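> this is a predicted model, with the sequence first.
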Amino acid sequence: MSPADTPLLLGIMSGTSGDGIDVAIVRFDRHADNKPELIRFSELPMPAQLREPILRLASPGEDANEIDSMGLLDRQLGEAYAEAALTAIKLAGLEPADIAAIGCHGQTIRHRPEGEYPFTLQIGCAATLAERTGITIVSDFRSRDMAAGGEGAPLVPFAHQSLFGTTDGNVVVLNIGGIANITWLGADGSVTGFDTGPGNMVMDGVMLAITAGRNHYDQNGELAAGGIVCAPLLNKLMAHPYISRKPPKSTGREAFGDEIVQRILTWPEITDADKMATACRFTVESIAKSCRFLPGTPQRWLICGGGARNHHLMQQLTQVLAPAEVLPSDAAGIPAQAVEAASFAMLARATLTGEYNTLSAVTGASHDVCGGEITPGDNWTTLLQELPRWIR
Ligand SMILES: Nc1ncnc2c1ncn2[C@@H]1O[C@H](COP(=O)(O)OP(=O)(O)OP(=O)(O)O)[C@@H](O)[C@H]1O
Ligand SMILES: CC(=O)N[C@H]1[C@@H]2OC[C@@H](O2)[C@@H](O)[C@@H]1O[C@H](C)C(=O)O
């Protein structure tokens, strides 16, 4: 393993878009703050045969045999994550033995934060991942927070705090994945966050349908840029109850999946470009409306996730969020796509040292918790000896 004072951890994220497996290898320095150094980031494709089952299982009731399908997908994802981790380790010129632990978010196939017994389900067999890599795995980061009465999401504010927090001004970190989530980092040290609603999910669903499955997303927002926003349709979309609900709140494909996409697709007398323009504007407006739930005025917005690559979306956000500056997180030293995977390496480190890694100020839980389930790898005994030296 890497020296105990500067351990290497690996974070794996596969998000609600179901299109890729992001892997970040980071180095922690006990003598520095909790901000790790990004050693290598790799974006690997989700195996094509897994994309359809992921989306099907994430849409309630679409699979006639959900338990069998889930069991199978769980194992297949475990293999896919292991393959991705081993590839990333190799690309970094490292050996599996150099990595102290892996934080694996898993694939969310259901998120039900409401009701008497809220639950959330991230699959991707940790035992398979430990078996194939020999490395200790931390997974299932959300359940403990839910058991403490929290939303179980978003979790990344814990990491954003160390990565982007500054006393120079109020910063908002906005992750635009399938769902968009926001983190408030006040100059006074305050932290909060919540899911704002749709990120790329609605746009991707519309694009997939209007190109008959050929394109999974609107490259750079080009189609949307050539369309006209349909105001009555936008108003209908913005009436979604989630948008006006007060935080703490979190959401998923259950609320912004196929039903919303169908509403856009079936709206009469507008072109495909208008549909895309309206879907994009829905994301922009729902983010802008979220500002009323923030405790102050941000000077700077740092954007991460795949949405940062959508020029049209970024342009629109820059307009509506002015005079605040809107920049990809790269401007603050971490590539937009790498933030989530790096965050799960940071959460895993905190699990292993027993520190809180889930903020009740974000999730609404009754207290901060140390979330994550540990699956010991072949390196477990060595890791146990090194852990005391990780504690700051
Ligand atoms: N060049 C591009 N132009 C437009 N959109 C893009 C581009 N590149 C990526 N995207 C969008 O980013 C999405 C993937 O984003 P990301 O990987 O952050 O999502 P995720 O991790 O699956 O989601 P989540 O954060 O909700 O868990 C794609 O589905 C697409 O919509
Ligand atoms: C249940 C779940 O997987 N939620 C994801 C999803 O994707 C974005 C948004 O919705 C966020 O709440 C969360 O992911 C990030 C990594 C988080 O927990 O911070």
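Noted; the coordinates are in hand. Ligands and ions are numbered 1, 2, ... in the order given.
> residue numbers of the stretch 151-300 of the chain in contact with ligand 2?
Near ligand 2, the residues belonging to the stretch 151-300 of the chain are 153-156, 177-179, 181, 195, 250, 252 when assessed by C-beta under 6 Å from any ligand atom. Bear in mind the C-beta positions are built from the backbone N, C-alpha and C, glycine included.
> can you list those in CSV and add neighbour count and pLDDT?
Output for these, formatted as CSV (neighbours: other C-beta atoms under 10 Å; pLDDT from 0 to 100):
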residue, neighbour count, pLDDT
153, 27, 98
154, 28, 98
155, 27, 98
156, 26, 98
177, 19, 96
178, 26, 96
179, 28, 97
181, 28, 98
195, 27, 98
250, 27, 98
252, 21, 95
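> return the distance of the helix or strand containing residue 203 from the chain's centre.
With the criterion set as DSSP states H and E, the secondary-structure element containing residue 203 is helix 201-210. For helix 201-210, the distance between its averaged C-alpha position and the chain's averaged C-alpha position is 19 Å (C-alpha atoms, centre = their mean, to the nearest Å).
> what of stretch 243-261?
Relative to where its chain is centred, stretch 243-261 has its mean C-alpha point 15 Å off (C-alpha atoms, centre = their mean).
> and for stretch 376-389?
How far stretch 376-389 lies from its chain's middle: 28 Å, per C-alpha atoms, centre = their mean.
> list of residues touching it?
With contact meaning C-beta atoms under 8 Å, 6 or more residues apart in numbering, stretch 376-389 is reached by 1, 4-5, 7, 30, 97, 100-101, 130, 133-137, 352-353.
> may I have the distance across that stretch, first residue to last?
18 Å (C-alpha to C-alpha, to the nearest Å).
> what residues of that stretch count as buried?
377, 379-380, 383, 386-387 (16 or more other C-beta atoms under 10 Å).
> ok, stretch 245-259 next?
Of the residues in stretch 245-259, those buried under the neighbour-count criterion (16+ other C-beta under 10 Å) are 247-253, 255-258.
> how about those in a markdown table, adding secondary structure?
Formatted as a markdown table, the buried residues of stretch 245-259 follow (DSSP: H, G, I helix; E, B strand; the rest coil):
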| residue | secondary structure |
| --- | --- |
| 247 | coil |
| 248 | coil |
| 249 | coil |
| 250 | coil |
| 251 | coil |
| 252 | coil |
| 253 | helix |
| 255 | helix |
| 256 | helix |
| 257 | coil |
| 258 | helix |
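> ok, now how distant is whichever residue of the stretch 1-150 of the chain sits closest to ligand 1 from residue 324?
Among the residues of the stretch 1-150 of the chain, residue 15 lies closest to ligand 1, at 2.2 Å counting by C-beta to the nearest ligand atom. Computed as C-beta to C-beta, to the nearest Å, the residue 15 to residue 324 distance reads 25 Å.
> quick check: phi and psi at residue 389.
Note on residue 389: its backbone torsions stand at phi -80, psi -10 [degrees, to the nearest 10].
> from now on call the first residue 793
Sure, I'll start counting at 793 from here, so that last one is residue 1181.
> any figure for the gap between it and residue 811?
For residue 1181, the distance to residue 811 equals 38 Å [C-beta to C-beta].
> repeat for residue 1071
The gap separating residue 1071 from residue 811 is 17 Å, by C-beta to C-beta.
> more neighbours: which of the two?
Taking other C-beta atoms under 10 Å, residue 1071 and residue 811 do not tie; residue 1071 has more neighbours (30 against 19).
> who are the contact partners of the more buried one?
Contact criterion C-beta under 8 Å, 6+ apart gives 994-995, 998, 1016, 1056 as the residues in contact with residue 1071.
> got JSON lines for those residues, with distance to residue 1129 and pLDDT too?
Written out in JSON lines, the entries for the contacts of residue 1071 read as follows (distance: C-beta to C-beta, whole Å; pLDDT from 0 to 100):
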{"residue": "994", "distance to residue 1129": "20", "pLDDT": "98"}
{"residue": "995", "distance to residue 1129": "17", "pLDDT": "98"}
{"residue": "998", "distance to residue 1129": "23", "pLDDT": "98"}
{"residue": "1016", "distance to residue 1129": "21", "pLDDT": "98"}
{"residue": "1056", "distance to residue 1129": "27", "pLDDT": "98"}
